[in-house]
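**Q** One predicted model, sequence on top.
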Amino acid sequence: MNYHWEVINIETKSRYEVISDLETNKRSLIREREALQNEVKQRELDIKNLKRTLEDKETDLKDCKDSLDGKKDTINELIESVEASLQRLSTMQTK
């Protein structure tokens with residue numbers, strides 16, 4: 001009879017272990033499923049951030065193009081000023 005009790009105890013323990021393993025697997029699968037949704041959300045956020053960065057770069061390019069003529073004019077004036085200074089120095093050396 002004692003032997004029979006040990007067999008039942010081992011069988012019961014095995015069932016508990018199986019149930020425990022199944023519950024552990026279930027929790028793991030649930031976490032994996034939730035991680036999939038988080039992965040999708042993260043990728044959506046990454047795309048949103050990339051779009052925002054692209055918009056910022058496009059705005060920066062537009063601003064650069066808008067100010068291009070003014071910057072060129074300023075540089076041209078500075079070049080003319082330097083040329084005039086060089087011309088004066090050249091004239092002073094000849095005198």
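**A** Here it is on my side, so go on.
**Q** Nearest the middle, which residue of this structure would you pick?
**A** Central residue check for the chain by Cα atoms, centre = their mean: the C-alpha nearest the mean position is that of Asp46, 5.6 Å away.
**Q** Give the full set of residues in contact with that residue.
**A** Taking Cβ atoms under 8 Å, 6 or more residues apart in numbering as the contact definition, Asp46 lies against nothing. (C-beta placed from N, C-alpha, C; glycine too.)
**Q** In terms of helices and strands, where is it?
**A** Asp46 is part of helix 2-94 when elements are defined by DSSP states H and E.
**Q** Centre of the chain to that helix, how far?
**A** Its chain's average C-alpha position is 0 Å from that of helix 2-94, according to Cα atoms, centre = their mean, to the nearest Å.
**Q** what mean pLDDT does that helix have?
**A** Regarding helix 2-94, the rounded mean pLDDT is 89.
**Q** The residue nearest to the centre of the chain and Ile30, how far apart?
**A** When distances are taken as Cβ to Cβ, to the nearest Å, Asp46 and Ile30 turn out to be 25 Å apart.
**Q** same thing with Tyr16?
**A** Between Tyr16 and Ile30 the distance, using Cβ to Cβ, works out to 21 Å.
**Q** What is the neighbour count of Leu45?
**A** In terms of burial, Leu45 registers 10 neighbours under the definition other Cβ atoms under 10 Å.
**Q** residues contacting it?
**A** Taking Cβ under 8 Å, 6+ apart as the definition of contact, Leu45 has no neighbours.
**Q** distance of it from Glu32?
**A** Note on Leu45: its distance to Glu32, by Cβ to Cβ, is 20 Å.
**Q** now Arg43
**A** Counting by Cβ to Cβ, the gap between Arg43 and Glu32 amounts to 17 Å.
**Q** next one: Ile47
**A** Distance of Ile47 to Glu32, given as Cβ to Cβ: 23 Å.
**Q** What of Lys41?
**A** 15 Å.
**Q** Can you report how many residues neighbour Asp60?
**A** Residue crowding around Asp60 was assessed by other Cβ under 10 Å; the count is 10.
**Q** typed the wrong thing, it's Arg15
**A** Under the neighbour criterion other Cβ under 10 Å, Arg15 is assigned a count of 10.
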